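Engineer: Sharing a model prediction with you, sequence too.
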Amino acid sequence: MNQSTVHHRPDAQASAISGDSLAGRHVLIVGGTSGIGLAVADNVARAGAQVTLVGRDRERLRHAAETIGGARQCVGDLHAPQEFDGLFESLPDIDHLVITAGTGSLKTLRESANDDFARVAQERLVGPLSIIRAALSRMHAAGSIVLTSGLLAERPIRTGAILAGAVAAVEAIVRSLALELAPIRVNAVSPGLVDTPLLDAFFGEGKNDALASAAAALPTGRIGRPEDIAQAVRLLLTGGFITGEVLHVDGGGRLV
């Protein structure tokens, strides 16, 4: 990466960004209106960060901002990442970028259409990469980027090959970007089963039974909560010696 494209701060300030404080830092969260993203927003806001929420729905953005006690709100869509070039021009410089947006597909390969392939690739790979590229000129050198992968990268199931491939690719991207974008740190959090609205779409009316069965098999004896993942993201944001890492927060799901 050309070092002239990132903003450098005096050593004391850079150390503060890489240390354990988020107070006064600008954290931009793409997908921060519900589930994990909203929990991350709430966590960092409580730590004193200045939060910008990016989502597709203006009303959901407003509600999310109210929920965490106030935040800057920007409309943006992973399916139209070119919009982010103009969006970043209107924002303060960015200390930390977190991307939690993205749905998925648990269809079998035979059930899937080309549109399913394209949607997952756009939401998990193309969109996030485009957003990162657009953000680089506004990011501080001592800042960080956190992406979201998932348990399927290491613990496959009989359906969901498309999503498994996409989240595994996210983990490869993290390792590569940690070298390319240094000294900006790049990491990923890998959630297991977490009780969010995304699971409503996956499991439908059978969600509660599916989660109860899964919880019984986990070493932790319970399904994850969005707050569990938010705590892990905060560690990645403030851990100044952590880069190129995938932090698994799955209740031991990879082991069973």
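Structural biologist: Good, I have the coordinates. Residues are numbered from 1 along each chain as shown.

Engineer: what about the longest helix in the chain?
Structural biologist: What stands out as the longest helix in the chain, according to DSSP state H, is helix 161-180.

Engineer: Which elements pack onto it?
Structural biologist: helix 114-121, helix 127-135, strand 139-148, strand 185-191 (3 or more CB pairs under 8 Å, 6 or more residues apart in numbering; DSSP states H and E). For the C-beta atoms, the positions are set from N, CA and C on the backbone; glycine is no exception.

Engineer: any residues touching it, and which ones?
Structural biologist: Outside helix 161-180, the residues that touch it by CB atoms under 8 Å, 6 or more residues apart in numbering are 1, 104-109, 112, 116-117, 120-121, 124-125, 128-129, 132, 145, 147-150, 152-154, 156-157, 185-188, 190, 243-246.

Engineer: Then stretch 249-256?
Structural biologist: In contact with stretch 249-256 (CB under 8 Å, 6+ apart) are residues 151, 154-155, 189-193, 217-220, 222-224, 228-229, 232, 248.

Engineer: now, which of the residues you listed lie within strands?
Structural biologist: Using DSSP state E, the subset of those located in strands is 189-191, 248.

Engineer: the strands in the stretch 1-150 of the chain, which residues?
Structural biologist: 26-30, 50-55, 72-75, 94-99, 139-148 (DSSP state E, counting those that start in this stretch).

Engineer: So for Leu87, which of those sits nearest?
Structural biologist: Evaluated over these, closeness to Leu87 peaks at strand 72-75, with 5.4 Å, by CB to CB.

Engineer: filter the contacts of helix 161-180 to the buried ones?
Structural biologist: Burial by neighbour count, 16 or more other CB atoms under 10 Å: within the contacts of helix 161-180 this picks out 104-106, 112, 116, 120, 124-125, 128-129, 132, 145, 147-150, 152-154, 185-188, 190, 243-246.

Engineer: May I see the helices and strands packed on helix 161-180 organised as CSV, with mean pLDDT and distance to Asp42 added?
Structural biologist: Converted to CSV, the helices and strands packed on helix 161-180 look like this (pLDDT from 0 to 100; distance: least, CB to CB, whole Å):
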stretch, mean pLDDT, distance to Asp42
helix 114-121, 90, 27
helix 127-135, 95, 22
strand 139-148, 96, 16
strand 185-191, 98, 16
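
Engineer: so can I have JSON lines of those showing distance to Gly24?
Structural biologist: Formatted as JSON lines, those follow (distance: least, CB to CB, whole Å):
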{"stretch": "helix 114-121", "distance to Gly24": "37"}
{"stretch": "helix 127-135", "distance to Gly24": "19"}
{"stretch": "strand 139-148", "distance to Gly24": "12"}
{"stretch": "strand 185-191", "distance to Gly24": "19"}
